[in-house]
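In: Kindly return the folded structure for what I paste below:
(one chain, ligands or ions: 1)
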Amino acid sequence: MKEVRTRFAPSPTGFMHIGNLRTCLYAYLFARKEGGKFILRIEDTDRERYVEGAVETIYRTLEKAGIDHDEGPDKDGGCGPYVQSERKSIYMEYAKKLVELGGAYYCFCSKERLDSLAGEGGIKKYDKHCLHLSREEVEKRLAAGEPFVIRQNVPTEGVSEYDDMVYGHIAVPNADMEDGILIKSDGMPTYNFANVVDDHLMRISHVIRGMEYLSSTPKYNLMYDAFGWERPAYMHLPPIMKDAQRKLSKRYGDANFEDFLEKGYLPEAIVNYIALLGWSPKGNEEKLSMQQLKEQFDVDGLSKSPSIFDEAKMRWLNGEYLKAMTPPQFTAAALPWYEKSDVKGMFDYDKLSKLLIPRVEILSEIPEKINFLAHFGEYDPAMFEHKKMKITKPLAREILAKVLPVLKEQTEWTDEALKEKLSSCAAEWQVKSGQVFLPLRLAVTAAAVTPGGATEIAELLGREETIRRVEFSLGLLDNDLKSVGSAE
Ligand code: GLU
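Out: Numbering: from 1, shown residues only. As a prediction, this is how the structure comes out:
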C-alpha cells in the first residue's frame, strides 16, 4: 500500500492563527494515525507578504504544540529543499515540461492589454491570446529577452471533477476557470503551480488544507493529469468562525496560538480544543491528550460545516487540564505568573499551587487571585459583620480569642488537620463552623473575597504568620470595640 504522507505548508506571513494550526494538527494526526509521514514545507514565494521572524514562529509553535514533523527544512527526508524560494529552478523546469505537454503556454501580453480585457460582470478573464503563438514566435521572443509569464492552459469545455474526503463530489465547469499564471514574470511560481509540483515531488498522498482551495483544486488536478501524475487525495477543512457571520481572524481578537499562551492557556489544552473544532471523537470524552488524538483521529469525524470558536469552552477545558496537575506540575506552569505577582518569593510555590489548582481556569488569573496575600495590614473591622451568618464584631472577637490558643497548640499545620481541629472546636463552643472559619479567614487575609478558606490559607501562611495576623486582627477588633464602648 502507498505510504501516507501529509504536509503542512504555511506561508511565513506572521502569527500562527488558530485555523492554520488546526489544519496542521489534522494533517499531523492523520499521518500519525495511518503510520505515515508528516512534512513541513515553507511556502515563501510571495515575497511581498513575507514577514521577518514568521518562520521562527512556525517552528516555535509546532514545538510548543507537540507536533513533530518527519521532514522539513531542518530535517531532510530526501525530498528537499523544503523551502519554496529555494526550489525556483525546479518549478521552471516543470513549467517548461508542462508547456511541452500542452498543459501550459508562454504569455507575453502587456499589462495594458490585460487591463483592456474586461470580461462579463467586469471580471477579467484571460483570452488565451498567446496560446495561439507559433513555437517559432515564442522562441524568438524568449531569445530577445521579452518578459513573459507561463499560464495554465485550461480546457474551455467540459467539467473537472474530484471527490473530496470531507466535502464529497466537487465538479467545476472548465469554462469557469481561468488560464491562471503558473510562473510569474520574476521567475517565481505562484501558489497554484508550486503546490502541485511540490506535492507531487514530495510524494504527498493526502492534501489537507483550508476549504478556500476546494474550488481551485480541479485546476490543480488538470495539471496532475497533464503531467501524467497520480492525483493526491484531498481533505478540505471548513473555516473556523468567530460567530455565525464572521470568520475568525486577526481582525477579530486573539486568534493566534502564542497570544493564547500569553493569556495563560496551556499548549496542550489549546491543541485539544482546536482538535475539536471541526472533528468529533467517537466517544464522549472531550479532554484528549495528543496521544489519544493520534489514536482516535478519523476522517469520519470531520465536519463540513464551519465551527464556532468558543473561548469560554477552551477556558473551561484549560481549567480541566490545570485541575489534573500535581502541585509541582502546576508550579512549573504557573511560575512566570507567580514571579510577576506581588507574592513573588514569599511562599512555598507548591503550597500556593495547592490553593489555586481547583480555582483557576487560565494562568493569567493568578496574580489578581493571590496578590491579597502580600498586602496584610490595617483594615476596617466592619468586615467581620455578617448578618446571614449571625456574626457580629464582638462575636468575631470572642471566637478569635478562643481560636488563638488552639492555633498555638496545634502541632500538625496542614489544611486538613486545622480544619478538623477547628470544626470540633466549633461543635464544642456550640457555634456554627462558619462562625469560626469566616472570622479566621478575614483575620488572616483582611480580604472579603479570597480563593481558599481559612485553613488553606493558614497552611500557606505557616504557623508563625497566621498567629501574627490573628493577633493583629484581635488588636484591631479590641481597639474598635473599645472606642465604640467609650463613645457610648
Ligand atoms: N501556503 C498555503 C496557505 O498558507 C498552503 C495551502 C496548502 O496547504 O496547500 O494557505
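In: Show me where this structure dips below the pLDDT cut-off.
Out: Across the chain, the ranges flagged by pLDDT under 70 are 119-123, 250-254, 485-488.
In: Find the residue at the geometric middle of it.
Out: Within the chain, one residue has its C-alpha closest to the average C-alpha position: by C-alpha atoms, centre = their mean, that is Phe257, at 3.8 Å.
In: In the protein, spot the helix with the most residues.
Out: In the chain, taking DSSP state H as the definition, the longest helix is helix 463-487.
In: For that helix, buried residues please.
Out: 465-467, 469-470, 472-474, 476-477, 480 (16 or more other C-beta atoms under 10 Å). C-beta: built from backbone N, CA, C; applies to glycine.
In: Kindly report the same for stretch 399-414.
Out: Buried residues in stretch 399-414, counted by 16+ other C-beta under 10 Å: 399-400, 403-404, 407, 410, 413.
In: The ligand contacts on the protein?
Out: For the chain, the residues in contact with the ligand (C-beta under 6 Å from any ligand atom) are 9-11, 43, 195, 209, 213.
In: any chance you could map the strands in the stretch 301-450 of the chain?
Out: Secondary structure of the stretch 301-450 of the chain (DSSP state E, counting those that start in this stretch): strands at 307-308.
In: For the ligand, what is the nearest residue in it?
Out: Leu302 (15.8 Å; C-beta to the nearest ligand atom).
In: Give me the neighbour count for that residue.
Out: 20 (other C-beta atoms under 10 Å).
In: do the same with Leu395
Out: Leu395 - counted by other C-beta under 10 Å - has 17 other residues nearby.
In: same question, Leu261
Out: If we define neighbours as other C-beta under 10 Å, then Leu261 has 17 of them.
In: swap in Asp76?
Out: 11.
In: Equivalent analysis for Met314, please.
Out: 22.
In: go on, the one 3 residues further on?
Out: Burial of Leu317 is recorded as 23 neighbouring residues (other C-beta under 10 Å).
In: which residues does Ser280 contact?
Out: 301, 303 (C-beta atoms under 8 Å, 6 or more residues apart in numbering).
In: Which stretches in the stretch 51-200 of the chain count as helices?
Out: 54-65, 88-101, 111-115, 135-143, 191-201 (DSSP state H, counting those that start in this stretch).
In: what does the shortest one contact?
Out: It stands for helix 111-115. Outside helix 111-115, the residues that touch it by C-beta under 8 Å, 6+ apart are 124, 126, 129.
In: just the longest one next, same as before
Out: Helix 88-101 is contacted by residues 104-106, 150, 152, 182-183, 187-189, 193-194, 197, 201, 223, 226-228 when judged by C-beta under 8 Å, 6+ apart.
In: And for the fourth one?
Out: With contact meaning C-beta under 8 Å, 6+ apart, helix 135-143 is reached by 105-106, 108, 133, 148.
In: Figure out the helix or strand that the residue in the stretch 201-350 of the chain positioned nearest to the ligand lives in.
Out: Closest to the ligand within the stretch 201-350 of the chain is Arg209: 3.4 Å, counting by C-beta to the nearest ligand atom. Applying DSSP states H and E as the criterion places Arg209 in strand 206-210.
In: Parallel or antiparallel, list what pairs with that strand.
Out: Pairing partners of strand 206-210, with direction, according to DSSP bridges: strand 233-237 (parallel).
In: Please identify the residue of the stretch 51-200 of the chain positioned nearest to the ligand.
Out: Asn195 (4.8 Å).
In: Tell me how many other residues surround that residue.
Out: Residues lying near Asn195 (other C-beta under 10 Å) number 24.
In: Check Leu266 too.
Out: When neighbours are defined as other C-beta under 10 Å, Leu266 has 19 of them.
In: okay, now the residue nearest to it when sequence neighbours are not counted: neighbour count?
Out: Leaving aside its sequence neighbours, Leu266 sits nearest to Tyr321 (C-beta to C-beta, 6 or more residues apart in numbering; 5.2 Å). Tyr321: 20 surrounding residues under other C-beta under 10 Å.
In: My guess is Tyr321 contacts Glu268. True?
Out: Yes. Using C-beta atoms under 8 Å, Tyr321 makes contact with Glu268 at a distance of 6.3 Å.
In: between the buried residues of helix 463-487, which is nearest the ligand?
Out: Glu465 (55.3 Å).
In: Please report how far the closest one lies from Gly319.
Out: 29 Å (C-beta to C-beta, to the nearest Å).
In: picking that back up, dump the contacts of helix 111-115 to JSON lines, plus neighbour count.
Out: Conversion of the contacts of helix 111-115 to JSON lines gives the following (neighbours: other C-beta atoms under 10 Å):
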{"residue": "Lys124", "neighbour count": "13"}
{"residue": "Tyr126", "neighbour count": "21"}
{"residue": "His129", "neighbour count": "14"}
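In: Let me have these in JSON lines, extended by distance to Val360.
Out: As requested, the contacts of helix 111-115 are exported to JSON lines (distance: C-beta to C-beta, whole Å):
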{"residue": "Lys124", "distance to Val360": "56"}
{"residue": "Tyr126", "distance to Val360": "58"}
{"residue": "His129", "distance to Val360": "65"}
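In: From those, which land in strands?
Out: In strands, judged by DSSP state E, none of those are found.
In: wait, which of these is closest to Glu34?
Out: Closest to Glu34 out of the contacts of helix 111-115 is Tyr126 (40.1 Å), distances taken as C-beta to C-beta.
In: what's the distance between that closest one and Ala118?
Out: Remark: distance between Tyr126 and Ala118 (C-beta to C-beta) = 12 Å.
In: Correct me if wrong: the residue of the stretch 51-200 of the chain closest to the ligand contacts Met223.
Out: No. Using C-beta under 8 Å, Asn195 is not in contact with Met223; the gap is 9.6 Å.
In: quick one: terminal-to-terminal distance for stretch 273-286?
Out: 8 Å (C-alpha to C-alpha, to the nearest Å).
In: same thing with stretch 369-386?
Out: So stretch 369-386: terminal residues 23 Å apart, C-alpha to C-alpha.
In: Mind listing what's buried along it?
Out: 369-370, 372-373, 376, 379, 381, 383-384, 386.
In: ok, now stretch 221-238?
Out: Neighbour-count burial for stretch 221-238 [16+ other C-beta under 10 Å]: 221-224, 226-227, 231-238.
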